[in-house]
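Enquirer: Task: produce atomic coordinates for the following.
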Amino acid sequence: MSGQQSSNDRRDDLGFGNRTGSGRNMNRDGSYNIKRLGEPRLRPYEWYHDLITMKWTRFIGVVLISYIIANTIFATVYYWLGVEHLSGIEPHLAEWRKFAEAYFFSSQTLTTLGYGRIAPVGFWTSLVAAVESMLGLIGFALATGLLYGRFSRPNAKILFSTNALIAPYRGGRALMFRLVNQRHSQLIEVEVEVTLTINHAISGQREFHQLTLERTRIALFPLSWTIVHPMDQDSPLFNTTVRDLFDREMEVIVLLKAFDDTFSQTIYQRTSYRADEILEGAKFIPMFTRSESGDTTLDFTLIDAHEKSELP
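Expert: Residues are numbered from 1 along each chain as shown. Reported below is the predicted structural model:
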């Protein structure tokens, strides 16, 4: 590889630094493999991001727990002021029943529902009910906004093959991996950028090379797409084996960008492959078939399907 091309293809950094390390820089799900220390435990500036990006089960759990805690706090206040200031609660009830009635009144006030059976009596109880109803309006408005944000947030669902392959390619070899869109949405103007990060064979310093691909962009993405990097004389992977890549702690970082027709927004997805996730002497089996009638069938279960193949 010529010095000029090496200068063009090599990147000094991808944001990960050029120090060597045994771990991967990017996890398979696209998250960064970085442990952050020294951050404050309470980070209110992260709350919105956390609530938008956390899993649905955890988000629903947070909403339910917040609802229960808020009602418990206000029920305690009503109980402390005296349930005699809540008309409709019978005075001869057990204490736990009185607290339960105060709790249910709190839930009705927080949601601004109000069945009319229980009502506040007196200035302080009415004031607490007014404050709770105001907080309920604000709280449910925030919850509604978060729900809308979670549903409307563009989220790529690109399925990558578990392994990358070193396969025969036009009389030589090529590094290949496969991807497919899991959603029914239409992706257009799909672009892929693949960067190799590897330790220098002599100095051991971390290097970054943008790999030349057979095709970096497709206009439409209705089927699967096999990304191909020819391992020719201009490639930093020329005449290397998986054993060499493993010793030099190679990692291939994949960045995908596409326009989602459903959300009318640009989406992104990332992943990476380490040397131990690369199979040598194999090629992918096609994921789609065409019938005599002209219909095309795409089988997602074949995303990792491959067969052995002799390398030149």
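
Enquirer: so the closest residue to residue 220 other than its chain neighbours, which of the three states?
Expert: Counting by C-beta to C-beta, 6 or more residues apart in numbering, residue 220 lies nearest to residue 188, which is 6.0 Å off, once chain neighbours are set aside. Where C-beta positions appear, they are placed from N, C-alpha and C, glycine not excepted. Under the three-state scheme (DSSP: H, G, I helix; E, B strand; the rest coil), residue 188 adopts strand.

Enquirer: contacting residues for residue 188?
Expert: 219, 220, 221, 258, 259, 261 (C-beta atoms under 8 Å, 6 or more residues apart in numbering).

Enquirer: need these in a markdown table with pLDDT, can you?
Expert: As requested, those are exported to a markdown table (pLDDT from 0 to 100):
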| residue | pLDDT |
| --- | --- |
| 219 | 94 |
| 220 | 92 |
| 221 | 91 |
| 258 | 94 |
| 259 | 93 |
| 261 | 86 |
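
Enquirer: Neighbour-wise, give me the winner out of those.
Expert: Scoring the contacts of residue 188 on neighbours with other C-beta atoms under 10 Å, the highest-scoring entry is residue 258 at 23 neighbours.

Enquirer: Name the secondary structure element that contains it.
Expert: Residue 258 belongs to strand 251-260 when assigned by DSSP states H and E.

Enquirer: Check which helices and strands that strand sits against.
Expert: Packed against strand 251-260 by the contact rule (3 or more C-beta pairs under 8 Å, 6 or more residues apart in numbering; DSSP states H and E) you find strand 172-181, strand 187-199, strand 265-274.

Enquirer: Closest one of the contacts of residue 188 to residue 105?
Expert: residue 261 (49.1 Å; C-beta to C-beta).

Enquirer: Name the nearest residue to that closest one, ignoring sequence neighbours.
Expert: Using C-beta to C-beta, 6+ apart and skipping the chain neighbours, the partner closest in space to residue 261 is residue 186 (4.1 Å).

Enquirer: Please apply the same query to residue 28.
Expert: Leaving aside its chain neighbours, residue 28 sits nearest to residue 271 (5.5 Å; criterion: C-beta to C-beta, 6+ apart).

Enquirer: quick one: the one you found and residue 161 touch, right?
Expert: No. Look at residue 271 against residue 161 with C-beta atoms under 8 Å: they stay out of range, at 9.8 Å.
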